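> The sequence and its predicted three-dimensional model are supplied below.
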Amino acid sequence: MVELNTPQLDAVFHALGDATRRRMLRELATGERTVSQLAEPFSISLAAASKHIKALESAGLIAREVKGRTHVCRLAPGPLASAHEWLAFYERFWTDRLDALDKLLRSEDARQPSALKHGEDK
């Protein structure tokens, strides 16, 4: 079971809470990108892009390597597994609840007279 109150998990959800950062991660899923390439699709400065990249880096979602004057980023998907595990708990919770509701509705349908099931009045 994933620890629920870890700073790492908090940082991951903080990083994922921004649409720009989510799009950057999606780009990195297809391969390495420079900071300039990550900033390009957005109407933001390189300084703003760098702040987003630092948030992703702090969460452990990307790794940055300096090659000369160029900063190259790549996806580090490990922390996403923790977020997925945390979300999976609630997926199981809602699946169980919806299965119980389905069972209840089916048993209620089975107890109804057949004329009412077909929308006919008595």
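Nice, thanks for sending it over.
> Tell me the pLDDT of the closest residue in space to residue 6 that isn't next to it in sequence.
Take residue 6 and drop its neighbours on the chain: the residue closest to it by CB to CB, 6 or more residues apart in numbering is residue 82, 7.8 Å away. Every residue, glycine included, has its C-beta placed from N, CA and C. The model reports residue 82 with a pLDDT of 86.
> Does residue 82 touch residue 10 like I think?
No: Residue 82 is not in contact with residue 10 according to CB atoms under 8 Å; the separation is 10.7 Å.
> between these two, which one's more packed in?
residue 82 (17 against 12; other CB atoms under 10 Å).
> Tell me the spacing between the residue nearest to residue 6 and residue 27.
Separation of residue 82 from residue 27 (CB to CB, to the nearest Å): 22 Å.
> before we move on, what about residue 40?
Applying CB to CB, the value for residue 40 to residue 27 is 9 Å.
> Settle it for me: which of these two has more neighbours?
The neighbour count for residue 40 versus residue 27, taken as other CB under 10 Å, is higher for residue 27 (17 against 13).
> Make sure the more buried one is indeed in a helix.
Yes: assigned with DSSP: H, G, I helix; E, B strand; the rest coil, residue 27 falls within a helix.
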